[in-house]
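1. predicted model and sequence follow; I will ask about them next.
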Amino acid sequence: MPPTASPATEPAGDCTGSDENRTFYGSVAAAVAWTVYCPVLPGGWFVESGQYSLAGGGRLAIAYRGPGGDRFTLDEGAWSPEGVDCAPAGTDIGPTAFGDRQGTLIATDNGSFAIVVDDGGSVCWKLAGDGLDETAVRTFGAALIAVAG
């Protein structure tokens, strides 16, 4: 069953990172028609890089680095052509939280884990871990909040 639109009720001020990072999320949320999510992380995590584009419905891509060099990325928006699965290659483990949505946890072919939410159209949300175990990816997925634009 495709996810329904989530009400974006949380301010970007709750997002992990600097004021500049929070402004980034708020700006994207105000400019796109889909729900933008940001993480609320434990200490030691910071934004490594981030960018967005409003072309073609909009896309957000942001990377976080944490303790021990662990890393994860968020890709959100209209970055997957309609009818194309936005999930990475791997094995479907089952449902898990992506903020207030239900996502699918995938054990990727490169030995990592990802959570994907696909609306059945061109909008997709993905959290992909790098150096994170299944528990950490599930925890970070559940700690995503919808940002009010």
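-> Yes, it's here.
2. CA atoms for contacts and neighbours, from now on please.
-> Will do.
3. just give me the longest helix of this protein.
-> As assigned by DSSP state H, the longest helix anywhere in the chain is helix 19-31.
4. just the CA trace of it, in PDB.
-> The C-alpha trace of helix 19-31 is given here as PDB (Å, rounded to 0.1, in the frame of the first residue of the first chain):
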ATOM      1  CA  ASP A  19      21.600  26.700  11.900                       C
ATOM      2  CA  GLU A  20      22.700  26.600   8.300                       C
ATOM      3  CA  ASN A  21      21.700  22.900   8.000                       C
ATOM      4  CA  ARG A  22      18.300  23.600   9.500                       C
ATOM      5  CA  THR A  23      17.800  26.500   7.100                       C
ATOM      6  CA  PHE A  24      18.700  24.100   4.300                       C
ATOM      7  CA  TYR A  25      15.900  21.700   5.300                       C
ATOM      8  CA  GLY A  26      13.300  24.500   5.900                       C
ATOM      9  CA  SER A  27      14.100  26.000   2.500                       C
ATOM     10  CA  VAL A  28      13.600  22.700   0.700                       C
ATOM     11  CA  ALA A  29      10.400  21.900   2.600                       C
ATOM     12  CA  ALA A  30       8.900  25.300   1.700                       C
ATOM     13  CA  ALA A  31       9.700  24.900  -2.000                       C
END
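5. list the buried residues of that helix.
-> By neighbour count on 16 or more other CA atoms under 10 Å, the buried set for helix 19-31 is 21-22, 24-29.
6. same deal with stretch 55-65?
-> Quick answer for stretch 55-65 (16+ other CA under 10 Å): 58-65.
7. and these as TSV, adding secondary structure?
-> Formatted as TSV, these follow (DSSP: H, G, I helix; E, B strand; the rest coil):
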residue	secondary structure
58	coil
59	strand
60	strand
61	strand
62	strand
63	strand
64	strand
65	strand
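8. nearest to residue 17 among those?
-> residue 64 (9.5 Å; CA to CA).
9. find the centremost residue of the chain, please.
-> Closest residue to the average C-alpha location of the chain: residue 74 at 3.7 Å, with CA atoms, centre = their mean.
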